[in-house]
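# Here is the input, now give the coordinates:
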Amino acid sequence: MSKINVHGREIALSNYAKNDDYISITDIAKHKDEQNPRFIIQNWMRNRNTVEFLGIWEMLYNVDFNRTEFDTFRIQAGINSFVLTPQKWIDATKAIGIVSKAGRYGGTYAHKEIAFEFASWVSVEFKLYLVKEFDRLKQAEFEKFGWDIKRNLTKVNYLIHTEAIKENLIPQELTPTQISKVYASEADVLNLALFGKTAKQWREQNQSLQGNMRDYANVAQLVCLLNLESINSVFISEGVSQSERLIRLNKIAIGQMQILAEDNRIRALEMQGLKNENGIT
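The predicted model follows:
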């Protein structure tokens with residue numbers, strides 16, 4: 001859960017299906033009526049153009065969308081007696097573009113494309129400020145990802161790695177506890193191959209530190225770890241035993257770390273040469 005400040009008002013953001021960005025239209029509605037935001041949303045949803053927009057959006061992105069119920073709403077939209085709430089829309093059509101959320105951070109959230117449409121209905125000026133602040137947040141997140149890309153790439157590769165374990169190592173009918181132990185064991189194959197110790201051994205030796213040994217790895221180690229995860233996935237698919245994989249991965253790790261260390265040494269010498277050429281000491 002994160003927030004952006006739009007023209008002096010906090011707007012909550014959240015993530016739902018496929019990690020898409022959802023924006024609190026309850027918070028947007030408060031720009032028009034602080035005390036009764038749900039009535040603002042309902043007035044927007046009873047509009048015929050709104051119903052058609054929501055229906056087209058769902059048909060584009062939602063394979064389970066109930067078009068029959070949508071047609072019913074579309075026919076009724078615009079009639080004085082027609083009332084449509086977010087929950088009624090969700091329940092009847094199996095919509096995913098709008099989400100009603102209870103609890104501390106409750107309210108109505110909508111996919112960013114729908115939220116921007118709602119913001120235009122509330123206030124064109126407010127919508128422009130909203131888009132500007134949303135883009136600023138996404139740019140900041142992108143820059144943060146760039147700084148932390150080595151960790152993010154490791155996590156992505158680890159997902160591929162665990163899928164290979166699930167498909168090739170885990171027998172049927174295992175309990176979740178047994179499965180987690182298999183994953184832990186496989187993670188330690190990589191830990192042993194590269195770091196020479198298991199995660200448990202590292203924690204016992206570094207009780208004052210937060211996180212795990214990978215959080216304290218250098219760039220060369222993380223690059224090597226990325227490669228080991230991919231290679232281990234191939235070994236698993238080929239049915240290579242765990243003990244044999246550990247031996248092979250350890251040899252690969254030693255070789256790759258030697259190459260990376262040599263590459264770093266060469267780069268350091270090149271940088272030193274550039275400094276000398278420019279008269280920098």
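
# Now do the same for Ile4: helix, strand or coil?
strand (DSSP: H, G, I helix; E, B strand; the rest coil).

# Okay, and the beta partners of it?
Beta-bridge partners for Ile4, by DSSP bridges, are Ile11.

# Thought Leu137 was touching it, still the case?
Yes. Ile4 is in contact with Leu137 according to CB atoms under 8 Å; the separation is 5.4 Å. (Each C-beta comes from the backbone N, C-alpha and C, glycine too.)

# Which of those two has more residues huddled nearby?
Ile4 (18 against 15; other CB atoms under 10 Å).

# residue contacts, the more buried one?
Residues near Ile4 by CB atoms under 8 Å, 6 or more residues apart in numbering: Glu10, Ile11, Leu13, Leu130, Glu133, Phe134, Arg136, Leu137.

# Give me the subset of these lying in strands.
Glu10, Ile11, Leu13 (DSSP state E).

# follow-up on the earlier one: spatially, which two of the contacts of Ile4 are the most separated?
For the contacts of Ile4, the farthest-apart pair by CB to CB is Glu10 and Arg136; their separation is 14.6 Å.

# Can you report how many residues lie near Ile11?
25.

# do you know how far it is from Tyr109?
Using CB to CB, to the nearest Å, we find Ile11 at a distance of 10 Å from Tyr109.

# Now the common contact residues for these two.
Common neighbours of Ile11 and Tyr109 (CB under 8 Å, 6+ apart) are Ile23, Ser24.

# contacting residues around Phe70?
Neighbours of Phe70 in contact, by CB under 8 Å, 6+ apart: Val51, Gly55, Glu58, Thr93.

# Okay, buried residues for stretch 194-205 please.
Leu194, Phe195, Thr198, Ala199, Trp202 (16 or more other CB atoms under 10 Å).

# Please read the previous query as pertaining to stretch 107-126.
107-112, 114-119, 121-122, 126.

# now, which of those sits nearest Pro86?
Once CB to CB is applied, the member of the buried residues of stretch 107-126 that ends up nearest Pro86 is Thr108, at 4.8 Å.

# Let me know the helix or strand that the closest one is in.
strand 107-111 (DSSP states H and E).

# One more: Ser100?
strand 98-101.

# Please state the offset of stretch 245-263 from the chain centre?
Centroid separation between stretch 245-263 and its chain, computed with CA atoms, centre = their mean, to the nearest Å, is 31 Å.

# Same check on stretch 56-75?
That offset, for stretch 56-75, works out to 27 Å (CA atoms, centre = their mean).

# separation between Asn218 and Met257?
Taking CB to CB, one finds Asn218 at 10 Å from Met257.

# higher neighbour count, the two?
Met257 (15 against 11).

# Okay, and that one sits in which element?
helix 242-277.

# my guess is Val99 meets Ala110, correct?
Yes. Taking CB under 8 Å as the definition, Val99 is a contact partner of Ala110 at 7.4 Å.
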